[in-house]
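# no FASTA, just this:
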């Protein structure tokens, strides 16, 4: 059997590696159009902390390891530019050459690209922040220029992380956001904390900004002109699915079943190019994250080797990011989603300490949602100064099990003063929900 | 209705407070034999960090708050010395006085006492470490004497915490333990890490020690004589259940149903004097912890006010403690328990990093157990240098839901380099278990 994988970053390499691990006799070819092997894209903001640190330190493996130790025929600068599903072949371009490659099974792992803002095209002070090649350019610009002030365009997780890192490096930072608010998955209580933290750190955030023109060192907008030495743009992503004549859903992402198989025979798709199965609503959503791509890659590999037997367990939309002293995290449905689905939900909010009688720690705000009818926990959000990400995971696990708020409020969670109060903040929130 | 609560520390005060919160017309009398109102006993080791800090800072509430804000008739130095279940009354001693008090509902919350070692009786350099009064004496001795070296007798969680705190204060510490190993709930892999950490910190641990005599400044044992300026003994606990002619189980702890009702009509029991319902084995075990006492207190209160309608959700034996840079944590069954129950279990161990491409963090060892037959997760243990306690809680939640290892391995946990690798260590362990 011969498997061709299109795209070799998160989901693609995971799938290829797992196929070879389970059956080394299967031939696996990965075509990656870029110049970099699989890398941890989520580590990119933190790679900025040290301008001298090579961006290649984010590589998951070296090309040699991938080829020799894993036995994968991994080819860089090979772009798949055509697919013939009937004849089971792809057309590949490598420099000036073009060739056909046959497959028995095709895996689409083309990921998503950062949305471009045409007004910034051709500006040598403007950069995207999606690929390792983008990071390379950003670092090189920061090293070679006296950058005192950076304008971030877009206020998603990545730019918030970049804002923190640049600020910690002594660079002045401000953010322009098109919408009238940021972090649409979060509720007002969490959002307000993020606004306060940005303000406390001297990071100006401008909302409802329409950019009308860009000249060297300045953007012109409906809210006035903004000067900066450098502009970094993270304005959402689009699945790289255009090449494939295949069933697609929201945002043009590829539709798969829970075996990760597409509408085409012997064609699987994984990662940011696909919709992900959401356990909470038993439906597929676009929620591109590296951790999901990795899981999907393993599931696809299993099914390619063993026949379609392993269903992707599904996501519950867990995500987290760091913002200075704060950790911000979410799992489950957002208020917006619940309203759209017509769910009658109860919302409970508590702010409490994260530790018992032990120095340090801080406060955390916990928001929980449950269904008023069937009492199931639907979602949770947190923002706080101590352990938050792994606290959201406790609730993510509860949601994955369709747990009711009436059960969750009593779970036997660990207690010791350095780590939690007698009632962990997540239990305090659930207990409060019970009293409603 | 009149409720009499015997014992006013963790479970007792929680029960009393929740009864008054639900129905302020119910008369609630709490008889506490000690001189201190409810306090957070788990914070006692850390209160030692600052000898000038009053031990009363561990009070949950002041006596005035308990009486005036909560409306509880809370009486210190009142010891219940007799019970007449037929006539529904207790005999109470307060100083020289004795009196009878009637009840409609009785709540037994007498807790557990530290086991005494008679050989140490009457030694003014020897102390227990179970009550706030013990802590008072320890702190006073440390303040008034030039204590350079402390001998800890017993190597349970509390003494390990005390060892760390004293060492951090510059006091030389060593530990004598009767058994040939410590931490019976843990497996060898975790135990070895604890041994190494103690060694690294210069804390000598002597195992298999039988104490044969005690003189001022010295204990004589089968392993030789040990000199110290002070001796602190934590040698297990015994439920304070002797007074009550009522159904009892292991260790003499009081047997309740899941409504927290005892074998006697209108008599409830909560906290360290009771056996706790264990969800994993669907049976009752002796596992005394403050967090369980609090939950049981709330459940008993609910049932006293509303009739027996709320079942105690149950514990999964979650516990954690800090040991210098390490956090040590467990949930679910121990190997010893599984062997005793004749369960055919699979054990999986991984040691991995706690973060992604972000500075700091450390390594964590994760041990997971699942049932080979039905694939359910039975237990987990961890020791590591970064977030551990709230990671054990993720698995505690999974176990509470009877989750199979095959499901847990795919849960959508949070990922961002400052908080976790793409596959959180608990998922890495579960994935490894799947490959077996």
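Arrived safely, thanks for sending. Just so it is clear, the model here is predicted, and its values are computed rather than measured.
# what residues does the stretch 201-350 of chain A have near chain B?
Contact residues, the stretch 201-350 of chain A versus chain B (Cβ under 8 Å from any Cβ of the partner chain): A:279, A:289-292, A:294-295, A:298-299, A:312-322, A:327, A:329, A:331. (Glycine included, C-beta is placed from N, CA and C.)
# does the residue of the stretch 201-350 of chain A found nearest chain B lie in a helix or a strand, and which?
Closest residue of the stretch 201-350 of chain A to chain B, Cβ to the nearest Cβ: residue A:313 (3.4 Å). Using DSSP states H and E, residue A:313 maps to neither a helix nor a strand.
# so it sits right up against residue A:279, yeah?
Yes: contact status for residue A:313 versus residue A:279: in contact at 7.3 Å, counting by Cβ atoms under 8 Å.
# shared neighbours, those two?
Common neighbours of residue A:313 and residue A:279, using Cβ atoms under 8 Å, 6 or more residues apart in numbering or on different chains, are A:400, B:412.
# sorry, back to before: out of the residues of the stretch 201-350 of chain A next to chain B, which are inside helices?
A:290, A:291, A:292, A:294, A:295, A:298, A:299 (DSSP state H).
# list buried residues within those residues.
Using 16 or more other Cβ atoms under 10 Å in any protein chain shown as the burial test, those include A:290, A:291, A:292, A:294, A:295, A:298, A:299 as buried.
# what about the helices in the stretch 201-350 of chain A?
All helices of the stretch 201-350 of chain A, identified by DSSP state H, counting those that start in this stretch, fall at A:290-306, A:335-340.
# tell me which of those approaches residue A:382 most closely.
For residue A:382, the closest of the helices of the stretch 201-350 of chain A is helix A:335-340, at 14.8 Å, according to Cβ to Cβ.
# leaving out chain neighbours, which residue sits closest to the residue of the stretch 1-150 of chain A found nearest chain B?
The minimum distance from the stretch 1-150 of chain A to chain B, using Cβ to the nearest Cβ, falls at residue A:43 (3.0 Å). Leaving out its chain neighbours, the residue that sits closest to residue A:43 by Cβ to Cβ, 6 or more residues apart in numbering or on different chains is residue B:357, at 3.0 Å.
# please apply the same query to residue A:217.
Closest to residue A:217 by Cβ to Cβ, 6+ apart is residue A:227, at 5.8 Å.
# and the gap between the one you found and residue A:173?
13 Å (Cβ to Cβ, to the nearest Å).
# tell me which element the closest residue to residue A:202 other than its chain neighbours falls in.
Take residue A:202 and drop its neighbours on the chain: the residue closest to it by Cβ to Cβ, 6+ apart is residue A:167, 7.4 Å away. Taking DSSP H and E as the criterion, residue A:167 maps to helix A:157-168.
# who are the packing partners of the helix or strand immediately after that helix in the chain?
Next along the chain after helix A:157-168, taking DSSP H and E as the criterion, comes strand A:172-176. Other helices and strands packing on strand A:172-176, by 3 or more Cβ pairs under 8 Å, 6 or more residues apart in numbering or on different chains; DSSP states H and E, are strand A:149-153, helix A:157-168, strand A:204-206.
# okay, buried residues for the second one please.
Residues of helix A:157-168 classed as buried by neighbour count (16+ other Cβ under 10 Å): A:157, A:158, A:159, A:160, A:161, A:162, A:163, A:164, A:165, A:166, A:167.
# settle this for me: residue A:162 is touching residue A:232, isn't it.
Yes: the criterion here is Cβ under 8 Å, and residue A:162 meets it with residue A:232 at 6.2 Å.
# report the set of residues contacting both of those two.
Contacts common to residue A:162 and residue A:232, judged by Cβ under 8 Å, 6+ apart, are A:129, A:152.
# could you confirm residue A:93 falls within a strand?
Yes: membership of residue A:93 in a strand is supported by DSSP: H, G, I helix; E, B strand; the rest coil.
# look up how far residue A:34 lies from it.
13 Å.
# same thing with residue A:129?
15 Å.
# residue A:366 now?
40 Å.
# cool, and residue A:422?
Distance of residue A:422 to residue A:34, given as Cβ to Cβ: 51 Å.
# the two: which is more packed in?
Neighbours per residue (other Cβ atoms under 10 Å in any protein chain shown) separate residue A:422 from residue A:34, with residue A:422 holding more: 23 against 17.
# tell me the residue furthest from the middle of chain A?
Distance from the C-alpha centroid of chain A, by Cα atoms, centre = their mean, peaks at residue A:357 (36.3 Å).
# isn't it right next to residue B:43, touching?
Yes: using Cβ under 8 Å, residue A:357 is in contact with residue B:43, at 3.1 Å.
# can you pull the contacts of residue A:336?
Per Cβ under 8 Å, 6+ apart, neighbours of residue A:336: A:184, A:185.
# so what touches stretch A:243-251?
Contacts of stretch A:243-251 (Cβ under 8 Å, 6+ apart): A:80-83, A:85, A:108, A:110, A:238-239, A:241, A:254-255, A:262-264, A:267, A:269, A:275, A:284-286.
# narrow those residues to those in strands?
Assignment to strands by DSSP state E places the following of the contacts of stretch A:243-251 there: A:80, A:81, A:82, A:83, A:108, A:238, A:239, A:267, A:269, A:284, A:285.
# so which residues of the stretch 1-150 of chain A form strands?
Along the stretch 1-150 of chain A, counting by DSSP state E, counting those that start in this stretch, strands occupy A:2-6, A:27-31, A:73-75, A:79-84, A:89-94, A:97-102, A:105-108, A:112-114, A:126-128, A:149-153.
# interface residues of the stretch 51-200 of chain A facing chain B?
Residues of the stretch 51-200 of chain A lying near chain B (Cβ under 8 Å from any Cβ): A:57, A:58.
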